[in-house]
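Q: Sequence unavailable; structure follows:
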(Lines give C-alpha, C1' and ligand atoms only; values in the text may rest on other atoms or scores of the structure.)
Protein backbone atom coordinates (compact mmCIF):
# COMPACT_ATOMS: atom_id res chain seq x y z
CA UNK A 1 0.00 0.00 0.00
CA UNK A 2 1.14 3.56 -0.64
CA UNK A 3 1.71 4.41 2.99
CA UNK A 4 4.38 1.68 3.29
CA UNK A 5 6.55 3.24 0.59
CA UNK A 6 9.95 4.23 2.09
CA UNK A 7 9.87 7.78 0.74
CA UNK A 8 11.11 10.69 2.80
CA UNK A 9 8.38 13.26 2.37
CA UNK A 10 8.82 17.01 2.57
CA UNK A 11 6.84 18.34 5.51
CA UNK A 12 4.96 21.58 6.04
CA UNK A 13 3.57 22.61 9.44
CA UNK A 14 4.31 19.15 10.83
CA UNK A 15 2.51 17.20 8.09
CA UNK A 16 3.48 15.83 4.66
CA UNK A 17 3.41 18.62 2.04
CA UNK A 18 1.17 16.39 -0.08
CA UNK A 19 -1.59 16.90 2.48
CA UNK A 20 -1.89 20.52 1.38
CA UNK A 21 -2.02 19.55 -2.31
CA UNK A 22 -4.99 17.34 -1.45
CA UNK A 23 -6.33 20.07 0.86
CA UNK A 24 -6.57 22.63 -1.95
CA UNK A 25 -7.82 20.13 -4.53
CA UNK A 26 -10.65 19.12 -2.22
CA UNK A 27 -11.26 22.76 -1.29
CA UNK A 28 -11.98 23.68 -4.92
CA UNK A 29 -14.02 20.52 -5.48
CA UNK A 30 -16.16 21.29 -2.44
CA UNK A 31 -16.39 24.95 -3.53
CA UNK A 32 -17.97 23.80 -6.77
CA UNK A 33 -20.20 21.18 -5.15
CA UNK A 34 -21.46 23.18 -2.18
CA UNK A 35 -21.81 26.33 -4.26
CA UNK A 36 -24.11 24.49 -6.61
CA UNK A 37 -25.88 22.79 -3.69
CA UNK A 38 -26.50 26.13 -1.97
CA UNK A 39 -28.58 27.39 -4.89
CA UNK A 40 -29.99 24.13 -6.29
CA UNK A 41 -33.18 23.96 -4.20
CA UNK A 42 -33.65 27.73 -4.38
CA UNK A 43 -33.36 27.57 -8.20
CA UNK A 44 -35.87 24.74 -8.36
CA UNK A 45 -38.53 26.49 -6.23
CA UNK A 46 -38.16 30.02 -7.65
CA UNK A 47 -41.14 30.91 -9.84
CA UNK A 48 -40.68 31.10 -13.61
CA UNK A 49 -42.29 34.55 -13.61
CA UNK A 50 -39.64 36.19 -11.42
CA UNK A 51 -36.79 38.30 -12.85
CA UNK A 52 -34.23 35.65 -11.90
CA UNK A 53 -36.48 32.81 -13.01
CA UNK A 54 -36.20 29.30 -11.66
CA UNK A 55 -38.06 26.14 -12.59
CA UNK A 56 -41.14 26.89 -10.47
CA UNK A 57 -41.27 23.51 -8.73
CA UNK A 58 -43.09 22.92 -5.44
CA UNK A 59 -41.08 22.50 -2.24
CA UNK A 60 -41.94 18.78 -2.19
CA UNK A 61 -40.78 18.24 -5.78
CA UNK A 62 -37.56 20.20 -5.18
CA UNK A 63 -36.70 18.30 -2.01
CA UNK A 64 -37.40 14.99 -3.77
CA UNK A 65 -34.87 15.80 -6.52
CA UNK A 66 -32.43 17.14 -3.93
CA UNK A 67 -32.65 13.85 -2.02
CA UNK A 68 -32.10 11.70 -5.11
CA UNK A 69 -29.26 13.87 -6.40
CA UNK A 70 -27.32 14.07 -3.13
CA UNK A 71 -27.79 10.34 -2.60
CA UNK A 72 -26.54 9.40 -6.08
CA UNK A 73 -23.55 11.77 -5.79
CA UNK A 74 -22.24 9.70 -2.91
CA UNK A 75 -23.50 6.25 -3.92
CA UNK A 76 -21.42 6.74 -7.08
CA UNK A 77 -18.39 6.47 -4.76
CA UNK A 78 -18.84 2.68 -4.73
CA UNK A 79 -18.05 2.19 -8.44
CA UNK A 80 -15.54 5.04 -8.14
CA UNK A 81 -13.66 3.21 -5.40
CA UNK A 82 -13.92 -0.14 -7.19
CA UNK A 83 -12.52 1.31 -10.43
CA UNK A 84 -9.59 2.78 -8.50
CA UNK A 85 -8.81 -0.49 -6.69
CA UNK A 86 -9.18 -2.67 -9.80
CA UNK A 87 -7.92 -0.56 -12.70
CA UNK A 88 -6.67 3.01 -12.23
CA UNK A 89 -5.40 3.63 -8.72
CA UNK A 90 -6.57 6.56 -6.63
CA UNK A 91 -4.41 9.25 -8.25
CA UNK A 92 -5.65 8.75 -11.83
CA UNK A 93 -9.21 8.36 -10.57
CA UNK A 94 -9.03 11.78 -8.91
CA UNK A 95 -7.88 13.36 -12.18
CA UNK A 96 -10.72 11.69 -14.12
CA UNK A 97 -13.25 12.76 -11.50
CA UNK A 98 -12.06 16.37 -11.62
CA UNK A 99 -12.40 16.45 -15.42
CA UNK A 100 -15.95 15.07 -15.24
CA UNK A 101 -16.84 17.72 -12.63
CA UNK A 102 -15.52 20.57 -14.78
CA UNK A 103 -17.65 19.29 -17.67
CA UNK A 104 -20.74 18.87 -15.46
CA UNK A 105 -20.65 22.32 -13.87
CA UNK A 106 -19.96 23.94 -17.24
CA UNK A 107 -22.99 22.24 -18.82
CA UNK A 108 -25.17 23.47 -15.93
CA UNK A 109 -24.42 27.03 -17.02
CA UNK A 110 -26.53 26.42 -20.15
CA UNK A 111 -30.13 27.57 -19.63
CA UNK A 112 -31.86 24.45 -20.94
CA UNK A 113 -33.62 21.65 -19.06
CA UNK A 114 -31.62 18.95 -20.89
CA UNK A 115 -28.42 20.69 -19.80
CA UNK A 116 -29.63 20.77 -16.21
CA UNK A 117 -30.11 16.99 -16.02
CA UNK A 118 -27.00 16.22 -18.10
CA UNK A 119 -24.86 18.45 -15.89
CA UNK A 120 -26.14 16.73 -12.76
CA UNK A 121 -25.24 13.36 -14.31
CA UNK A 122 -21.64 14.41 -14.98
CA UNK A 123 -21.33 15.81 -11.45
CA UNK A 124 -22.60 12.54 -9.96
CA UNK A 125 -19.98 10.58 -11.93
CA UNK A 126 -17.23 13.10 -11.13
CA UNK A 127 -17.82 13.14 -7.39
CA UNK A 128 -18.01 9.33 -7.43
CA UNK A 129 -14.55 9.10 -8.96
CA UNK A 130 -12.89 11.88 -6.96
CA UNK A 131 -14.39 11.82 -3.47
CA UNK A 132 -13.46 8.35 -2.11
CA UNK A 133 -10.06 8.31 -3.77
CA UNK A 134 -8.74 11.68 -2.65
CA UNK A 135 -9.76 10.84 0.94
CA UNK A 136 -7.97 7.48 0.75
CA UNK A 137 -4.86 9.28 -0.53
CA UNK A 138 -4.81 11.39 2.66
CA UNK A 139 -4.47 8.19 4.69
CA UNK A 140 -1.75 7.02 2.29
CA UNK A 141 0.46 9.93 3.32
CA UNK A 142 0.85 8.48 6.83
CA UNK A 143 2.50 5.26 7.96
CA UNK A 144 0.60 2.77 10.10
CA UNK A 145 0.30 4.01 13.69
CA UNK A 146 1.22 7.61 12.82
CA UNK A 147 -0.55 9.71 15.46
CA UNK A 148 -0.80 12.64 13.06
CA UNK A 149 -3.34 10.82 10.88
CA UNK A 150 -6.53 11.97 12.69
CA UNK A 151 -5.29 15.55 12.83
CA UNK A 152 -4.27 15.33 9.17
CA UNK A 153 -7.82 14.37 8.29
CA UNK A 154 -9.11 17.28 10.37
CA UNK A 155 -6.85 19.68 8.43
CA UNK A 156 -8.08 18.11 5.19
CA UNK A 157 -11.64 18.50 6.45
CA UNK A 158 -11.04 22.19 7.13
CA UNK A 159 -10.04 22.48 3.46
CA UNK A 160 -13.38 20.97 2.51
CA UNK A 161 -15.15 23.59 4.54
CA UNK A 162 -13.08 26.57 3.41
CA UNK A 163 -14.46 25.72 -0.02
CA UNK A 164 -17.98 25.21 1.33
CA UNK A 165 -17.87 28.49 3.29
CA UNK A 166 -16.65 30.62 0.40
CA UNK A 167 -18.95 28.98 -2.14
CA UNK A 168 -22.10 29.46 -0.07
CA UNK A 169 -21.32 33.19 0.08
CA UNK A 170 -19.94 33.76 -3.42
CA UNK A 171 -21.87 31.28 -5.58
CA UNK A 172 -24.98 31.82 -3.44
CA UNK A 173 -24.80 35.58 -3.93
CA UNK A 174 -24.05 35.38 -7.67
CA UNK A 175 -26.83 32.85 -8.17
CA UNK A 176 -29.48 34.77 -6.24
CA UNK A 177 -28.58 38.27 -7.40
CA UNK A 178 -27.24 37.88 -10.96
CA UNK A 179 -28.61 34.59 -12.23
CA UNK A 180 -28.72 30.94 -11.22
CA UNK A 181 -26.75 29.78 -14.27
CA UNK A 182 -23.97 32.29 -13.60
CA UNK A 183 -23.62 30.63 -10.20
CA UNK A 184 -23.47 27.17 -11.76
CA UNK A 185 -20.83 28.35 -14.26
CA UNK A 186 -18.70 29.94 -11.52
CA UNK A 187 -18.63 26.59 -9.72
CA UNK A 188 -17.19 25.00 -12.88
CA UNK A 189 -14.42 27.58 -13.20
CA UNK A 190 -13.32 26.93 -9.63
CA UNK A 191 -13.29 23.17 -10.14
CA UNK A 192 -10.89 23.76 -13.04
CA UNK A 193 -8.55 25.54 -10.59
CA UNK A 194 -8.67 22.43 -8.38
CA UNK A 195 -7.73 20.15 -11.27
CA UNK A 196 -4.77 22.32 -12.29
CA UNK A 197 -3.55 22.58 -8.71
CA UNK A 198 -3.65 18.79 -8.27
CA UNK A 199 -1.67 18.17 -11.45
CA UNK A 200 0.98 20.71 -10.46
CA UNK A 201 1.44 19.13 -7.02
CA UNK A 202 2.26 15.59 -8.18
CA UNK A 203 5.86 15.69 -6.92
CA UNK A 204 4.53 15.84 -3.35
CA UNK A 205 2.33 12.77 -3.89
CA UNK A 206 4.99 10.35 -5.05
CA UNK A 207 4.08 6.79 -4.06
CA UNK A 208 0.58 7.79 -2.89
CA UNK A 209 -2.54 6.65 -4.71
CA UNK A 210 -0.75 4.52 -7.31
CA UNK A 211 -2.44 1.37 -8.64
CA UNK A 212 -1.42 -1.61 -6.52
CA UNK A 213 -1.75 -3.96 -9.50
CA UNK A 214 1.24 -2.30 -11.20
CA UNK A 215 3.38 -2.22 -8.06
CA UNK A 216 6.63 -4.19 -7.97
CA UNK A 217 6.66 -4.33 -4.16
CA UNK A 218 6.26 -7.78 -2.69
CA UNK A 219 3.92 -6.59 0.09
CA UNK A 220 1.58 -4.93 -2.42
CA UNK A 221 1.43 -8.03 -4.63
CA UNK A 222 0.82 -10.19 -1.55
CA UNK A 223 -1.94 -7.87 -0.30
CA UNK A 224 -3.80 -8.24 -3.60
CA UNK A 225 -3.49 -12.04 -3.84
CA UNK A 226 -4.09 -13.38 -0.34
CA UNK A 227 -7.59 -13.77 1.17
CA UNK A 228 -8.62 -11.57 4.08
CA UNK A 229 -7.45 -12.67 7.54
CA UNK A 230 -9.82 -13.10 10.51
CA UNK A 231 -8.69 -9.74 11.91
CA UNK A 232 -9.28 -7.98 8.58
CA UNK A 233 -12.75 -9.51 8.31
CA UNK A 234 -13.63 -8.36 11.84
CA UNK A 235 -12.45 -4.86 11.02
CA UNK A 236 -14.58 -4.80 7.87
CA UNK A 237 -17.58 -5.86 9.98
CA UNK A 238 -17.08 -3.05 12.49
CA UNK A 239 -16.63 -0.56 9.66
CA UNK A 240 -19.91 -1.59 8.07
CA UNK A 241 -21.72 -1.43 11.43
CA UNK A 242 -20.25 2.02 12.09
CA UNK A 243 -21.70 3.12 8.75
CA UNK A 244 -25.19 2.81 10.31
CA UNK A 245 -24.30 5.82 12.44
CA UNK A 246 -23.17 7.65 9.32
CA UNK A 247 -26.54 7.07 7.61
CA UNK A 248 -28.45 8.36 10.64
CA UNK A 249 -26.08 11.30 11.07
CA UNK A 250 -26.33 12.55 7.51
CA UNK A 251 -30.05 11.80 7.30
CA UNK A 252 -30.39 14.49 9.94
CA UNK A 253 -27.43 16.72 9.12
CA UNK A 254 -28.32 17.15 5.44
CA UNK A 255 -31.52 18.98 6.33
CA UNK A 256 -29.16 21.95 5.97
CA UNK A 257 -29.36 22.06 2.19
CA UNK A 258 -33.04 21.14 2.03
CA UNK A 259 -35.61 21.75 4.75
CA UNK A 260 -33.47 24.15 6.81
CA UNK A 261 -32.58 26.06 3.63
CA UNK A 262 -36.26 26.52 2.77
CA UNK A 263 -37.05 27.32 6.42
CA UNK A 264 -34.44 30.08 6.37
CA UNK A 265 -35.96 31.47 3.16
CA UNK A 266 -39.64 31.34 4.08
CA UNK A 267 -40.03 31.39 7.86
CA UNK A 268 -37.02 33.20 9.34
CA UNK A 269 -36.75 36.92 9.98
CA UNK A 270 -33.53 37.61 8.05
CA UNK A 271 -33.41 41.38 8.54
CA UNK A 272 -30.11 42.59 10.01
CA UNK A 273 -29.76 46.34 10.56
CA UNK A 274 -32.15 47.10 7.71
CA UNK A 275 -30.59 44.59 5.29
CA UNK A 276 -32.00 41.17 4.42
CA UNK A 277 -29.47 38.37 4.74
CA UNK A 278 -29.63 36.02 1.66
CA UNK A 279 -31.12 32.66 2.62
CA UNK A 280 -28.24 30.78 0.98
CA UNK A 281 -25.72 32.49 3.30
CA UNK A 282 -26.88 30.39 6.23
CA UNK A 283 -25.27 27.45 4.40
CA UNK A 284 -21.91 29.04 5.18
CA UNK A 285 -22.38 28.87 8.97
CA UNK A 286 -21.46 25.20 9.17
CA UNK A 287 -18.28 25.73 7.18
CA UNK A 288 -17.39 28.86 9.19
CA UNK A 289 -17.70 26.98 12.47
CA UNK A 290 -15.61 24.09 11.12
CA UNK A 291 -12.82 26.45 10.07
CA UNK A 292 -12.82 28.22 13.44
CA UNK A 293 -13.47 25.23 15.71
CA UNK A 294 -11.81 22.36 13.80
CA UNK A 295 -8.42 22.40 15.52
CA UNK A 296 -10.04 23.09 18.93
CA UNK A 297 -12.24 20.00 18.72
CA UNK A 298 -9.32 17.87 17.46
CA UNK A 299 -7.17 19.22 20.30
CA UNK A 300 -9.87 18.38 22.87
CA UNK A 301 -9.95 14.74 21.76
CA UNK A 302 -6.12 14.54 21.67
CA UNK A 303 -5.86 15.85 25.24
CA UNK A 304 -8.55 13.43 26.36
CA UNK A 305 -6.57 10.54 24.83
CA UNK A 306 -3.39 11.75 26.58
CA UNK A 307 -5.20 11.58 29.92
CA UNK A 308 -6.10 7.95 29.27
CA UNK A 309 -9.80 8.65 28.85
CA UNK A 310 -11.93 7.08 26.15
CA UNK A 311 -11.24 8.83 22.84
CA UNK A 312 -11.44 6.08 20.25
CA UNK A 313 -12.91 6.79 16.82
CA UNK A 314 -16.08 4.86 17.65
CA UNK A 315 -16.61 6.84 20.85
CA UNK A 316 -16.11 10.14 19.01
CA UNK A 317 -18.63 9.10 16.36
CA UNK A 318 -21.25 8.22 18.98
CA UNK A 319 -20.78 11.56 20.74
CA UNK A 320 -20.87 13.40 17.41
CA UNK A 321 -24.25 11.86 16.57
CA UNK A 322 -25.72 12.78 19.97
CA UNK A 323 -24.41 16.38 19.87
CA UNK A 324 -25.66 16.93 16.31
CA UNK A 325 -29.07 15.53 17.24
CA UNK A 326 -29.30 17.91 20.18
CA UNK A 327 -28.81 20.80 17.74
CA UNK A 328 -32.24 20.11 16.22
CA UNK A 329 -33.85 21.09 19.51
CA UNK A 330 -33.00 24.69 18.55
CA UNK A 331 -34.91 24.20 15.29
CA UNK A 332 -37.82 22.89 17.35
CA UNK A 333 -37.65 26.13 19.34
CA UNK A 334 -37.55 28.12 16.10
CA UNK A 335 -40.65 26.31 14.80
CA UNK A 336 -42.48 26.88 18.08
CA UNK A 337 -41.65 30.60 17.89
CA UNK A 338 -42.83 30.77 14.27
CA UNK A 339 -46.09 29.00 15.13
CA UNK A 340 -46.81 31.54 17.87
CA UNK A 341 -45.52 34.79 16.31
CA UNK A 342 -45.45 34.15 12.55
CA UNK A 343 -41.65 34.25 12.21
CA UNK A 344 -38.54 32.98 14.00
CA UNK A 345 -35.25 34.63 14.90
CA UNK A 346 -32.01 33.96 13.05
CA UNK A 347 -30.13 32.98 16.20
CA UNK A 348 -31.99 29.66 16.36
CA UNK A 349 -30.44 28.69 13.02
CA UNK A 350 -27.02 29.87 14.20
CA UNK A 351 -27.22 27.75 17.36
CA UNK A 352 -28.45 24.72 15.43
CA UNK A 353 -25.57 24.98 12.95
CA UNK A 354 -23.11 25.39 15.85
CA UNK A 355 -24.18 22.11 17.47
CA UNK A 356 -24.36 20.38 14.10
CA UNK A 357 -20.78 21.45 13.42
CA UNK A 358 -19.35 20.25 16.73
CA UNK A 359 -21.10 16.93 16.12
CA UNK A 360 -19.77 16.78 12.57
CA UNK A 361 -16.20 17.46 13.67
CA UNK A 362 -16.45 14.60 16.14
CA UNK A 363 -17.81 12.16 13.54
CA UNK A 364 -17.04 12.97 9.92
CA UNK A 365 -13.24 13.52 9.69
CA UNK A 366 -12.76 10.87 12.37
CA UNK A 367 -14.74 8.31 10.37
CA UNK A 368 -12.66 9.08 7.26
CA UNK A 369 -9.50 8.35 9.24
CA UNK A 370 -11.14 5.27 10.78
CA UNK A 371 -11.74 3.78 7.33
CA UNK A 372 -8.07 4.19 6.35
CA UNK A 373 -6.97 2.53 9.62
CA UNK A 374 -9.21 -0.53 9.34
CA UNK A 375 -9.79 -1.14 5.60
CA UNK A 376 -7.75 -3.97 3.98
CA UNK A 377 -5.21 -2.62 1.47
CA UNK A 378 -6.80 -4.19 -1.61
CA UNK A 379 -10.22 -2.78 -0.73
CA UNK A 380 -9.07 0.63 0.55
CA UNK A 381 -10.89 2.78 -2.02
CA UNK A 382 -13.93 0.50 -2.16
CA UNK A 383 -14.43 0.76 1.62
CA UNK A 384 -14.05 4.52 1.39
CA UNK A 385 -16.59 4.40 -1.43
CA UNK A 386 -18.97 2.46 0.81
CA UNK A 387 -18.51 5.10 3.49
CA UNK A 388 -19.49 7.87 1.10
CA UNK A 389 -22.35 5.75 -0.23
CA UNK A 390 -23.75 5.61 3.30
CA UNK A 391 -23.57 9.40 3.47
CA UNK A 392 -25.50 9.35 0.19
CA UNK A 393 -28.18 7.13 1.70
CA UNK A 394 -28.29 9.58 4.58
CA UNK A 395 -28.85 12.36 2.05
CA UNK A 396 -31.80 10.44 0.59
CA UNK A 397 -33.26 9.96 4.07
CA UNK A 398 -32.81 13.71 4.58
CA UNK A 399 -34.81 14.40 1.42
CA UNK A 400 -37.63 12.08 2.51
CA UNK A 401 -37.76 13.72 5.94
CA UNK A 402 -37.81 17.16 4.34
CA UNK A 403 -40.67 16.17 2.05
CA UNK A 404 -42.68 14.89 5.03
CA UNK A 405 -42.53 18.33 6.69
CA UNK A 406 -45.45 19.47 4.49
CA UNK A 407 -47.54 16.70 6.05
CA UNK A 408 -46.32 16.58 9.65
CA UNK A 409 -45.00 20.14 10.16
CA UNK A 410 -41.49 21.41 10.86
CA UNK A 411 -41.83 21.24 14.64
CA UNK A 412 -42.64 17.52 14.64
CA UNK A 413 -39.92 16.72 12.08
CA UNK A 414 -37.18 18.68 13.87
CA UNK A 415 -38.13 17.29 17.30
CA UNK A 416 -38.40 13.74 15.96
CA UNK A 417 -34.94 13.98 14.39
CA UNK A 418 -33.44 15.23 17.66
CA UNK A 419 -34.98 12.47 19.77
CA UNK A 420 -34.12 9.68 17.31
CA UNK A 421 -30.47 10.73 16.89
CA UNK A 422 -29.87 10.99 20.63
CA UNK A 423 -31.54 7.63 21.38
CA UNK A 424 -29.77 5.88 18.47
CA UNK A 425 -26.39 7.19 19.66
CA UNK A 426 -27.07 5.89 23.17
CA UNK A 427 -28.16 2.52 21.75
CA UNK A 428 -24.87 2.16 19.85
CA UNK A 429 -23.01 3.03 23.06
CA UNK A 430 -24.58 -0.02 24.74
CA UNK A 431 -22.64 -2.20 22.25
CA UNK A 432 -19.55 0.03 22.26
CA UNK A 433 -17.15 -2.39 23.97
CA UNK A 434 -18.06 -5.27 21.65
CA UNK A 435 -17.63 -3.09 18.57
CA UNK A 436 -14.31 -1.74 19.79
CA UNK A 437 -13.06 -5.29 20.34
CA UNK A 438 -13.65 -6.03 16.65
CA UNK A 439 -11.04 -3.41 15.70
CA UNK A 440 -8.37 -5.66 17.27
CA UNK A 441 -6.41 -2.75 18.73
CA UNK A 442 -6.13 -0.73 15.51
CA UNK A 443 -5.78 2.44 17.60
CA UNK A 444 -4.23 1.04 20.78
CA UNK A 445 -0.68 2.26 20.09
CA UNK A 446 -1.70 5.85 19.38
CA UNK A 447 -1.86 7.02 23.01
CA UNK A 448 1.64 5.68 23.75
CA UNK A 449 3.00 7.43 20.66
CA UNK A 450 1.16 10.58 21.68
CA UNK A 451 2.85 10.46 25.10
CA UNK A 452 6.24 10.03 23.41
CA UNK A 453 5.68 13.12 21.27
CA UNK A 454 4.50 15.08 24.31
CA UNK A 455 7.55 14.08 26.34
CA UNK A 456 9.93 14.90 23.48
CA UNK A 457 8.40 18.36 23.09
CA UNK A 458 8.88 19.04 26.82
CA UNK A 459 12.59 18.16 26.83
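A: Thanks, I have it. Worth saying up front: this structure is predicted, and the values here are computed from it rather than measured.
Q: For the stretch 1-150 of the chain, which segments count as strands?
A: 11-12, 15-16 (DSSP state E, counting those that start in this stretch).
Q: The first one pairs with which strands, and in what direction?
A: Okay, so that is strand 11-12. strand 15-16 (antiparallel) (DSSP bridges).
Q: Report the distance from the partner strand to the chain centre.
A: Strand 15-16 has its C-alpha centroid displaced from the chain centroid by 22 Å (CA atoms, centre = their mean, to the nearest Å).
Q: now stretch 31-49
A: Remark: stretch 31-49 is offset 19 Å from the chain centroid, using CA atoms, centre = their mean.
Q: buried set for that stretch?
A: 31-46 (16 or more other CB atoms under 10 Å). For glycine as for every other residue, the C-beta is placed from the backbone atoms N, C-alpha and C.
Q: Apart from its neighbours in sequence, what residue is nearest the residue positioned nearest the centre of the chain?
A: Closest residue to the average C-alpha location of the chain: residue 364 at 6.6 Å, with CA atoms, centre = their mean. The spatially closest residue to residue 364, leaving aside those adjacent along the chain, is residue 157, at 6.7 Å (CB to CB, 6 or more residues apart in numbering).
Q: Near the one you found, how many other residues are there?
A: 26 (other CB atoms under 10 Å).
Q: quick one: residue 143 from residue 373, how far?
A: Between residue 143 and residue 373 the distance is 12 Å, computed by CB to CB, to the nearest Å.
Q: no, scratch that, I was asking about residue 383
A: Distance of residue 383 to residue 373, given as CB to CB: 11 Å.
Q: out of the two, which sits in the more crowded spot?
A: Taking other CB under 10 Å, residue 383 and residue 373 do not tie; residue 383 has more neighbours (23 against 19).
Q: Please name the residues that touch that one.
A: Contact analysis of residue 383 by CB atoms under 8 Å, 6 or more residues apart in numbering lists 81, 236, 239, 371, 374-376.
Q: still on that earlier bit, export the strands of the stretch 1-150 of the chain to JSON lines and tack on distance to residue 443, mean neighbour count and mean pLDDT?
A: Below are the strands of the stretch 1-150 of the chain laid out as JSON lines (distance: least, CB to CB, whole Å; neighbours: other CB atoms under 10 Å; pLDDT from 0 to 100):
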{"stretch": "strand 11-12", "distance to residue 443": "23", "mean neighbour count": "12", "mean pLDDT": "78"}
{"stretch": "strand 15-16", "distance to residue 443": "19", "mean neighbour count": "22", "mean pLDDT": "88"}
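Q: how about these, which one is nearest residue 203?
A: strand 15-16 (12.1 Å; CB to CB).
Q: Might one say that residue 53 is in contact with residue 43?
A: No - using CB atoms under 8 Å, residue 53 is not in contact with residue 43, being 9.3 Å away.
Q: Phi and psi next, for residue 272.
A: Phi and psi for residue 272, reported as degrees, to the nearest 10, are phi -130, psi 110.
Q: from what I can see it touches residue 346, true?
A: Yes - using CB under 8 Å, residue 272 is in contact with residue 346, at 7.5 Å.
Q: quick revisit: remind me which helix or strand the residue nearest to residue 364 belongs to.
A: Assigned by DSSP states H and E, residue 157 belongs to helix 149-177.
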